[in-house]
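In: this is a predicted model, with the sequence first.
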Amino acid sequence: MAAALAALLLTGCSSGGASGGGTPRPGHHGAAAAAPSASARPADDTTCGKTPDSYRPAGTQPQPGHMPAGSTMAAIAARGRLIAGVDQNSYLFGYRNPLTGQLDGYEIELLKRISTALFGSPDRIQFRTITSAQRIPVLLQKQDPVDIVIDSMTVNCERWKSVAFSSDYMDAGQRVLVPKDSAATSIDDLGGKKVCAASGTTSIDTLTGLKDHPVVPVGVKDWTDCLMLMQLGQVDAVSTDDTILIGLQRQDPNTKLIGPRFTAEPHGIAMQPQQVDFVRFVNGVLEQMRQDGSLKKLAQDWLGDGATFGPPPAVYRD
């Protein structure tokens, strides 16, 4: 019941909000931005898919209050806030803490570092809470798009056709979460069974494409919906990135992770495709965090000392 209540508390929130205050780390128990002429990777770029490559940081990182004139960053700074699309239902990554009402998690903390790099303050963020299926549309909509989306988003060629990605800030892979009393030991044991994933994700696409031991994919709005369906016995398993599954497992200790990864899921921060200067700026923030150890520490703080999900080395296409 406690786990079900936790899931209900998380899914019960639906609105965005201003940047919230910090909480203890659970890993240890609008003006339109300027549009530079460069664009995201062309759809016919034959190198796409070989590496999760992005755009190299552009020399010396500009300091808060001194963004290059005419840049996307200068336009965001002039507006006074960074508009970010985030999840509020992925425990440990982007979730609304039911005790404080504030957004919290690994990816929220990453956004605060980007805000600090832009403004000199971690709290100049306007959050817009979104579902997995909304991640690309909120960047591309003509009226009032977001500047940035960080929401456990896998970098792949198809998405590169629509948006531009940062370097890989965390590697993950698809696995399976089942009730503790399940006899299944891997995805291969779930042929013909109902397996839940969020709609609009690579996870649901992978489940749909399984050939050797096909499952019955069940698509839902949010990951906590999957957990609730499994708690109610309406699906047999949940399958997505193991990073997300760790959060679900901590919400309900009567579940377990099974089997090895059966996909590779590099995670990137998505931005509008024409704003390559902003991608380089964000990559500069991530590069600083790799070098000073704070990106690794962030993963350890939220996922525990044994976290093996990042940060991977950056790979650039230029």
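Out: Here it is on my side, so go on. Numbering: from 1, shown residues only.

In: ranges for the strands of the stretch 201-318 of the chain?
Out: Using DSSP state E, counting those that start in this stretch, the strands of the stretch 201-318 of the chain run over 216-220, 237-241, 255-258, 265-267, 270-271.

In: and these, which is most packed in?
Out: Highest mean neighbour count of those: strand 237-241, a mean of 28 (counted as mean count of other Cβ atoms under 10 Å). Just so you know, the C-beta spots here come from the backbone N, C-alpha and C atoms, and that holds for glycine as well.

In: the inter-axis angle of that strand versus strand 216-220?
Out: Here the directions of strand 237-241 and strand 216-220 differ by 70 degrees (axes from the mean of the first three to the mean of the last three Cα atoms, to 10 degrees).

In: strand 237-241 packs against which elements?
Out: Contacts defined by 3 or more Cβ pairs under 8 Å, 6 or more residues apart in numbering; DSSP states H and E place strand 237-241 against strand 174-179, strand 194-198, helix 202-209, helix 223-231.

In: re the thing from before, mind putting the strands of the stretch 201-318 of the chain into CSV with distance to Arg124 and mean pLDDT?
Out: Converted to CSV, these look like this (distance: least, Cβ to Cβ, whole Å; pLDDT from 0 to 100):
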stretch, distance to Arg124, mean pLDDT
strand 216-220, 33, 97
strand 237-241, 29, 96
strand 255-258, 37, 97
strand 265-267, 24, 91
strand 270-271, 17, 98
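
In: out of those strands, which gets nearest to Tyr55?
Out: strand 270-271 (10.1 Å; Cβ to Cβ).

In: got the buried residues for stretch 225-245?
Out: For stretch 225-245, the neighbour count (16 or more other Cβ atoms under 10 Å) marks 225-231, 235-245 as buried.

In: Throw the strands of the stretch 201-318 of the chain into CSV and include distance to Leu103, thanks.
Out: Below are those laid out as CSV (distance: least, Cβ to Cβ, whole Å):
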stretch, distance to Leu103
strand 216-220, 21
strand 237-241, 20
strand 255-258, 24
strand 265-267, 18
strand 270-271, 18
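
In: closest to Arg280 out of the ones you listed?
Out: Nearest of the strands of the stretch 201-318 of the chain (Cβ to Cβ): strand 270-271, 10.2 Å.

In: may I have the strands that pair with the closest one, each with its orientation?
Out: Paired strands of strand 270-271, with direction, are strand 148-150 (antiparallel), strand 164-165 (antiparallel) (DSSP bridges).

In: next secondary structure after the longest one?
Out: Okay, so that is strand 148-150. Toward the C-terminus, strand 148-150 is succeeded by helix 157-160 as the next helix or strand (DSSP states H and E).

In: now that following helix: how far from the chain's centre is it?
Out: Computed by Cα atoms, centre = their mean, to the nearest Å, the chain-centroid distance of helix 157-160 equals 16 Å.
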